[in-house]
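> show me how the following folds:
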Amino acid sequence: MKPRGEMTRPALATAGRARARWGLAALATLVGLLAGEAALRVLGVSHPAFGRPDPDLGWGYVPGAEGRADDEGQAWVRINRLGYRDIDHSPSKPPGTFRVALLGDSFTAAFEVPFEESWGALLQQELSACPQLHGRSVETLNFGVSGYGTAQELLCLRRDVWQFSPDLVVVAFCAGNDLRDNTRALSGPKARPWFTLESGPVDSLVLDDSFARATAYALNASAPARLLRAAVSHSRLLQTAREVKNRLRAQVRHARARAREGTPTGEAALATELGTDIWIYAPPRQEAWQEAWRITERLLRAIASEVRGHGASLLVVTTTSGAQVAPDLRARAAFLSRLRQTLAASDLLYAERRLAAFGERERIAVLPLAPLFQERSERDGTVLHGFARSGTLGAGHWNQAGHRLAAEVVAHWICAFQSPRTIAR
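Predicted coordinates:
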């Protein structure tokens, strides 16, 4: 009699064949994954995970990360040791150097274009010929991070910027989403720091950094999450899978945005610029947007005070939207007409006019780019936003022409209209 639990020879043979099949399947899968990984590397396919959680700023870039970014344009992106898209700079400022620190969001990080074609890098070249600097060498430092609002820029200024002793701080303000990003009521439950206003003779800012103690942030900053990010940073297959997932999600968001705005698919991209709020084109009627403007203006006032306190100068530059600067005047008029169906008192330059008036009151230099971009696009027919390869031409971020014009305009303003040592002093 066969002892209990002992398998018969046929059963053993069957189990052996099953293990062999599973082993072959595992081996074939491993070989396929390795071949796929090798093929992606040979083809240069790379979608690295640049982001990481940051306990002070909500998120930032992984120091030393590099890879290709191709959501809109195409560019090889390298992150420096401090966690920004820039070369490494010595905290000690070389003698005879004029340093410019750039604060901003994705327009300043500029993942859509090669670094040397970004407006910050081009600004350094343009300012090198500025006679007002009396032969001093110029160094621009890029502290732009995609998605940052004015609150994060203020905290970035305090934590990272001052160690480099800049002479001029340039804040690139994106009205299209910075206002929303500056208030929890509009931005939603994002893992970012906020400031609220405490009423008094002078409204004071109160930091709310509760995101860093929330469960969602703790999970994102946990050891398993760090290991997953490390795995993604080393595997082209994982990067590609993540990119496919992100693009599918983006398509769903785009479709929902078009449905909300009643814009037919295929119509001019001006009407569906992602991340751009139509409410910036008119005086705020809703309490949440009125509060967003109050907080934003108070944040800019705080930045100006910090800059003055460090003996530097401040310039606030407003970036543009494709709708504002479309070279096709009929498309721009059509967008404005659709806008007025929702906002009766629409003005494509409302945010710029309001910020310029605020700057006059507060003695803060404000340079709105939209009017100058309009002039150039109308004169030359130049499209300054978007990329043909990704189907975003006319919308989205600045292309190379947009970055070049921004650098020219900002440098010209600094050199021709103000002494860099007396801006907003």
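> Asn80: neighbour count?
Using other C-beta atoms under 10 Å, Asn80 has 17 neighbouring residues. Where you see a C-beta, it was placed from the backbone N, CA and C, and this is true even at glycine.
> do the one 10 residues further on as well
Residues lying near Ser90 (other C-beta under 10 Å) number 8.
> over to Pro95?
So Pro95, with other C-beta under 10 Å, has 7 neighbours.
> need the contact list for the residue nearest to Ala221 when sequence neighbours are not counted.
Leaving aside its sequence neighbours, Ala221 sits nearest to Pro53 (C-beta to C-beta, 6 or more residues apart in numbering; 4.5 Å). Counting by C-beta atoms under 8 Å, 6 or more residues apart in numbering, Pro53 touches Trp59, Ala191, Tyr217, Asn220, Ala221, Ala225.
> cutoff 7 Å now
For Pro53, the contact set (C-beta atoms under 7 Å, 6 or more residues apart in numbering) comprises Trp59, Ala191, Tyr217, Asn220, Ala221.
> would the second one count as being in a strand?
What that stands for is Ala191. No - if the criterion is DSSP: H, G, I helix; E, B strand; the rest coil, then Ala191 is coil and not within a strand.
> wouldn't it be in contact with Ala212 here?
No - Ala191 is beyond contact range of Ala212, at 8.1 Å (criterion: C-beta atoms under 7 Å).
> quick revisit: among the contacts of Pro53, which lie within helices?
Cross-referencing the contacts of Pro53 against helices under DSSP state H gives Tyr217, Asn220.
> quick one: buried ones out of the contacts of Pro53?
Neighbour-count burial within the contacts of Pro53 applies to Trp59, Ala191, Tyr217, Asn220; the criterion is 16 or more other C-beta atoms under 10 Å.
> do you know how far the third one is from Gln125?
When you say that, I think you mean Tyr217. According to C-beta to C-beta, to the nearest Å, Tyr217 stands 40 Å off from Gln125.
> the last one now?
When distance is defined by C-beta to C-beta, Asn220 is 38 Å away from Gln125.
> how about the first one?
Using C-beta to C-beta, Trp59 is found at 30 Å from Gln125.
> what's the answer for Ala223, then?
Taken as C-beta to C-beta, the span from Ala223 to Gln125 is 44 Å.
> cool, and Gly23?
Gly23 is 60 Å from Gln125, where distance means C-beta to C-beta.
> neighbour count: those two, which is higher?
Set Gly23 next to Gln125 and count neighbours by other C-beta under 10 Å: Gln125 wins out with 13 against 10.
> what's next to the strand or helix carrying the more buried one, contact-wise?
Secondary structure assigned from DSSP states H and E places Gln125 in helix 119-127. Residues from elsewhere that reach helix 119-127, judged by C-beta under 7 Å, 6+ apart: 100, 102, 108, 110, 115, 133, 138-140, 142, 403-404, 406-408, 410-411, 414.
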